[in-house]
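**Student:** Give me coordinates for this.
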Amino acid sequence: MNTCTDCKFYLPIDVFKGLCKISKQDILPDDAFCDKAERLAKCRFCSNYTAEKEFLGKCMSITLAYPDMNAVSCADFKWISQH
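**Tutor:** Presented below is the predicted three-dimensional model:
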């Protein structure tokens, strides 16, 4: 399930709360996606990412990567196919 921290419109204020850039309302990081949410490119959504432990994996089987690492500027990022 996607949460607000997976949305490109989530702006973290601190560890406990954030702000929605669309609605300008306070939100919690673990709140569910709303109908206006758009997924942010993160390593765990990339077809080149392979999880090895709960919070650690590898990119292209070479480089260490965190699943929640922001990948918006990664030249090799490819969305996982959604079935």
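**Student:** For this protein, just list every one of the strands.
**Tutor:** 10-12, 18-20, 26-27, 49-53, 56-59, 63-65 (DSSP state E).
**Student:** Out of the ones you listed, the one nearest Glu38 is which?
**Tutor:** In terms of C-beta to C-beta, the element of the strands of the chain nearest to Glu38 is strand 10-12, at 10.2 Å. For the C-beta atoms, the positions are set from N, CA and C on the backbone; glycine is no exception.
**Student:** What lies in contact with the closest one?
**Tutor:** 4-5, 18-21, 27, 29, 40 (C-beta atoms under 8 Å, 6 or more residues apart in numbering).
**Student:** And those, which of them are buried?
**Tutor:** Restricting the contacts of strand 10-12 to buried positions leaves 4-5, 18-20, 27, 29, 40, with burial counted as 16 or more other C-beta atoms under 10 Å.
**Student:** In JSON lines: those, plus pLDDT and distance to Tyr49.
**Tutor:** Compiled in JSON lines, those are given as follows (pLDDT from 0 to 100; distance: C-beta to C-beta, whole Å):
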{"residue": "Cys4", "pLDDT": "95", "distance to Tyr49": "21"}
{"residue": "Thr5", "pLDDT": "94", "distance to Tyr49": "17"}
{"residue": "Gly18", "pLDDT": "96", "distance to Tyr49": "24"}
{"residue": "Leu19", "pLDDT": "97", "distance to Tyr49": "28"}
{"residue": "Cys20", "pLDDT": "97", "distance to Tyr49": "27"}
{"residue": "Ile27", "pLDDT": "96", "distance to Tyr49": "26"}
{"residue": "Pro29", "pLDDT": "93", "distance to Tyr49": "21"}
{"residue": "Leu40", "pLDDT": "96", "distance to Tyr49": "14"}
